[in-house]
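When you get a sec, could you give me coordinates for this:
(chains A and B)
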Amino acid sequence: MREITYRDALREALLEEMQRDKTVFLLGEDIGRYWEGAFKVTKGLAKEFGDERVRDTPISESAIIGTAVGAAITGMRPVAEIMFGDLTTLAMDQIANQAAKIRYMFGGQVKVPLVIRTPFGGGVNIAAHHSQSLEAWFMHVPGLFVAVPSTPYDAKGLLKTGIRSDNPVVFCEHKLLYPIEGLIPEEDYTVPFGVADIKREGRDVTVVATMFMVHRALEAAKTLEKEGLSVELVDPRTLVPLDKETIINSVKKTGRLVVVSEDCKTAGVTAEITAVVAEEAIDYLDAPIKRVAEPDTPIPFSPPLEKYVIPDERSIIKAVKEIVLKE
Amino acid sequence: MDKDKKIEMYRKMLEIRLFEEKVFELYGQNLVPGTIHLYAGEEAVAVGVCANLRKDDYIVSTHRGHGHCIAKGARLDKTMAEILGKKTGYCMGKGGSMHIADFSIGMLGATAVVGAGIPIATGAGLSIKLRRTDQVTACFFGDGASNQGTFHEGINMAAVWKLPVLFVCENNLYAMGTRQTQVMLTKDIAKRAVAYGIPGVSVDGNDVIAVYEAAQQAVRRARSGDGPTLIECRTYRHKGHSRFDPATYRSKEEVEEWLDKDPVRRLKNQLLERNDLSNTEVKQIEKEVSDAVEAAVKFAKDSPYPAPEEALEDVYA
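Numbers count the residues shown, from 1 in each chain, chains lettered A, B, ... in the order given. Sure, this is the predicted structure:
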């Protein structure tokens, strides 16, 4: 095992998959040799593989995804980068109507092996057009997989699975995770889709969290442990497919559920996971389900404003205490 | 152009015409669910372009796509079955009239979002370039699509990367009921090519020979690595936009003028005048094509609908 950053874990996944399979290529704005990615995920790759396979594009998000779709249905495995998750809105027809539906609409004649990598999330004071978390939008489109890695290990393993998948994958990254370090094996490995990871075992309450919120929930769990409360932290790792079984089994054990996500509360990630548990495991609950999410506002700029709307350790601790210390 | 090529094109154009007339008839008998967008009147475009393509070349199509499929070599029976929503259709009843695809002949499918096929065609072109084959991609779209952002993004990208793509604009003068002059100041959509630094040509889209020759040059340019071409084909749809459209926005005089320029009759007359075909041979071709369309209808009618629970299949690979 060795310790590397989330950014380098992603870069290694790209590098190794490009070495393994020559149909894999990258396209996106400023990912090539001059800038090497807005978040430096593609650092060194253009030098390694050339400008043909690590392809700078015009600022044309719709054509980036459309081009990737056209390449995917004719024998290639494109990995498209959209510089900020907010800008997937510009390519929404190509993602939701084309990439996601082509296989189904054409009666299963063709596969669409395509990965769309994009960073979501706030916390770096770049306001409403560069800070959103739109994962739930993609959960609502049948035909897409949605990956949400929280650690370097998961990032590398899930990205490899995504690139090898024959389905379009929206691969959600998080700006604050890029510098985070973690252990990964020396040898080749993958992380399967649809298999949650219990990031921490516990007895009193299940906390389900994704991406950067996993780390905030871990901090919250450490604080709560000192107060004698034991948190089980479940990281779904992919939202589609969603590992309902692991979440439900954890709820059966603890009898309590807090769902944490950085996206807006209404019809968001927390809403779906809450609904799954309410529908399939309500009899195992000893307390109401709590959701910790963004309070349905755009992400504001000024640091105190932004800090206020993004869930943090305190809001997670508060939610846990509300249902654990209830009786 | 040699006579056999012309006769082959005539046969394809007639196939499309008789097929579309049959679809219209079946629609009237309530056998076609949903809506239809007929290609009748525009046959010379699809046939003139596809006559230059190999089986392994690609096309990308639109909601008005039956003609593109047939011109590229799709089977009439599986096309008709799809339009009727049958299990034996190309997409097993999941796509219908607006979403026919046959990947075995390089027909990459019809998208019903106006302009959405343009970047997809660019991507097929990029794939060709990366795989280092000498295939080409032809992308069909209408005058309306040329006002979409995807037109600009997709053609610019194909131009800057010198991709082997033919962007074929079927300018039938109306985007649904909106006349071209209401929504753009240029009359010549082909002129937009100048902005992307690629050739743009405007041809009589009801003259299959003119379309063929323009496409031939564009294919040659594409195969030799010189990049894409924008071909504007001026044409006209004989029917309204879709099933309920009586097309009252078009004057009777205008419609009659264009019916006079019927591309199928035009080629037939030319073949007869030049003694490339005799009346007997024309009748023979008409009978063969008509029989083939009838057989397709019988196949489609006799085919079962998909089982309802098949709706759950093929969401993911």
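
Confirm that residue A:40 sits in a helix.
No - read with DSSP: H, G, I helix; E, B strand; the rest coil, residue A:40 is coil and lies in no helix.

ok, now how distant is it from chain B?
Distance, residue A:40 to chain B, using CB to the nearest CB, to the nearest Å: 24 Å. The C-beta positions use only the backbone N, C-alpha and C, and glycine is treated the same way.

Identify the residue spatially nearest to that residue, adjacent ones excluded.
residue A:7 (6.2 Å; CB to CB, 6 or more residues apart in numbering or on different chains).

A helix includes that neighbour, no?
Yes - with three-state DSSP as the criterion, residue A:7 is located in a helix.

so what pLDDT did it get?
According to the prediction, residue A:7 has pLDDT 98.

repeat for the one 10 residues further on
Each residue has a pLDDT score; the one for residue A:17 is 98.

ditto for residue A:188
96.

Roughly how far does the closest residue to it other than its chain neighbours sit from residue A:156?
Distances taken as CB to CB, 6+ apart place residue A:16 nearest to residue A:188, at 6.8 Å, with adjacent residues excluded. From residue A:16 across to residue A:156, the span is 9 Å (CB to CB, to the nearest Å).

hang on, the earlier thing: could you count how many residues lie near the residue nearest to residue A:188?
When neighbours are counted by other CB atoms under 10 Å in any protein chain shown, residue A:16 registers 16.

Would you mind measuring from it to chain B?
Counting by CB to the nearest CB, the gap from residue A:16 to chain B is 19 Å.

doesn't residue A:250 make contact with residue A:203?
No - the criterion here is CB atoms under 8 Å, and residue A:203 misses it with residue A:250 at 10.4 Å.

so what's the nearest residue to residue A:236 once chain neighbours are set aside up against?
Nearest residue to residue A:236, sequence neighbours excluded (CB to CB, 6+ apart): residue A:196, at 4.7 Å. The contact partners of residue A:196, by CB atoms under 8 Å, 6 or more residues apart in numbering or on different chains, come to A:234-237, A:243, A:246-247.

Dihedrals phi and psi, residue A:196?
Backbone dihedrals for residue A:196, given as degrees, to the nearest 10, come out at phi -70, psi 160.

Look at it and report its pLDDT.
You'll see residue A:196 listed with a pLDDT of 98.

what comes up buried for the longest helix along chain B?
In chain B, assigned by DSSP state H, the helix with the most residues is helix B:3-28. For helix B:3-28, the neighbour count (16 or more other CB atoms under 10 Å in any protein chain shown) marks B:6-7, B:9-10, B:12-24, B:26-27 as buried.

Which strands or helices does it pack on?
When contacts are defined as 3 or more CB pairs under 8 Å, 6 or more residues apart in numbering or on different chains; DSSP states H and E, helix B:3-28 sits against helix B:43-50, helix B:66-72, helix B:76-83, helix B:208-223, helix B:263-273, helix B:279-302.

Okay, angle between the last one and helix B:76-83 too, please.
On the basis of axes from the mean of the first three to the mean of the last three CA atoms, to 10 degrees, helix B:279-302 is oriented at 40 degrees to helix B:76-83.

list the helices and strands helix B:279-302 packs on?
Judged by 3+ CB pairs under 8 Å, 6+ apart, helix B:279-302 is in contact with helix B:3-28, helix B:76-83, helix B:263-273.

Can you pull the residues of the stretch 151-300 of chain A lying near chain B?
Counting by CB under 8 Å from any CB of the partner chain, the positions of the stretch 151-300 of chain A adjacent to chain B are A:165-167.

got a list of what the residue positioned nearest the centre of chain B touches?
Closest residue to the average C-alpha location of chain B: residue B:68 at 3.0 Å, with CA atoms, centre = their mean. Residues in contact with residue B:68 (CB under 8 Å, 6+ apart) are B:39, B:46, B:50, B:59, B:61-62, B:107, B:110, B:140.

How much space separates the spatially closest residue to it that is not a sequence neighbour from chain A?
Excluding the flanking residues, the one nearest residue B:68 by CB to CB, 6+ apart is residue B:61, at 4.1 Å. The gap separating residue B:61 from chain A is 11 Å, by CB to the nearest CB.

hang on, isn't residue B:61 packed against residue B:118?
No - with contact defined as CB under 8 Å, residue B:61 does not count as touching residue B:118 (11.7 Å).

Give me the more crowded residue out of the two.
residue B:118 (33 against 29).

Thought residue B:141 was touching that one, still the case?
Yes - with contact defined as CB under 8 Å, residue B:118 reaches residue B:141; the gap is 6.1 Å.

Overlap of the contact sets of those two?
Residues within reach of residue B:118 and of residue B:141 at once, by CB under 8 Å, 6+ apart, are B:151, B:167.

mind listing what the closest residue to residue B:14 other than its chain neighbours touches?
Nearest residue to residue B:14, sequence neighbours excluded (CB to CB, 6+ apart): residue B:289, at 4.9 Å. Counting by CB under 8 Å, 6+ apart, residue B:289 touches B:11, B:14-15, B:18.

mind putting those residues in a markdown table, pLDDT included?
Below are those laid out as a markdown table (pLDDT from 0 to 100):
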| residue | pLDDT |
| --- | --- |
| B:11 | 98 |
| B:14 | 98 |
| B:15 | 98 |
| B:18 | 98 |
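
out of the helices and strands packed on helix B:279-302, nearest to residue A:122?
For residue A:122, the closest of the helices and strands packed on helix B:279-302 is helix B:76-83, at 46.3 Å, according to CB to CB.

And that closest one, how far out from the chain middle?
Once both centres are worked out by CA atoms, centre = their mean, to the nearest Å, helix B:76-83 turns out to sit 16 Å from its chain's centre.

I'd like to check the angle between that helix and helix B:3-28, please.
Using the same axes, to 10 degrees: helix B:76-83 against helix B:3-28 is 30 degrees.

which secondary structure elements does the helix or strand following helix B:76-83 contact?
Per DSSP states H and E, the first helix or strand lying C-terminal to helix B:76-83 is strand B:107-110. With contacts defined as 3+ CB pairs under 8 Å, 6+ apart, strand B:107-110 has these neighbours: strand B:58-61, helix B:66-72, helix B:117-131.

what's the average pLDDT for the first one?
Averaging pLDDT along strand B:58-61 gives 98.

what do you get for stretch B:287-303?
Averaging pLDDT along stretch B:287-303 gives 98.

What residues of that stretch count as buried?
Applying 16+ other CB under 10 Å to stretch B:287-303 flags B:289, B:292-293, B:296-297, B:299-300, B:303 as buried.

What is the nearest of the residues of the stretch 151-300 of chain A next to chain B to chain B?
residue A:166 (3.9 Å; CB to the nearest CB).

In the stretch 101-250 of chain A, what residue spans correspond to strands?
A:115-120, A:145-147, A:169-174, A:181-184, A:197-200, A:205-209, A:231-235, A:238-240 (DSSP state E, counting those that start in this stretch).

Give me whichever of these is most buried.
strand A:205-209 (a mean of 29; mean count of other CB atoms under 10 Å in any protein chain shown).

so what secondary structure elements neighbour that one?
Checking 3+ CB pairs under 8 Å, 6+ apart, strand A:205-209 ends up next to helix A:212-226, strand A:231-235, helix A:244-254, strand A:257-264, helix A:313-324.

Touching that strand from outside, list them.
By CB under 8 Å, 6+ apart, strand A:205-209 touches A:150, A:216-217, A:220-221, A:229-236, A:247, A:250-251, A:253-254, A:256-261, A:273, A:316, A:320, A:323-324.

Where does the prediction get shaky in the stretch 51-200 of chain A?
Applying pLDDT under 70 to the stretch 51-200 of chain A flags no residue at all.

got the residues of the stretch 151-300 of chain B near chain A?
Going by CB under 8 Å from any CB, the residues of the stretch 151-300 of chain B near chain A are B:152-154, B:156-157, B:160.

how about 7 Å then?
B:153-154, B:156-157, B:160 (CB under 7 Å from any CB of the partner chain).

Turn the helices and strands packed on helix B:279-302 into JSON lines, including distance to residue B:283.
Listed next are those as JSON lines, based on distance: least, CB to CB, whole Å:
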{"stretch": "helix B:3-28", "distance to residue B:283": "12"}
{"stretch": "helix B:76-83", "distance to residue B:283": "20"}
{"stretch": "helix B:263-273", "distance to residue B:283": "11"}
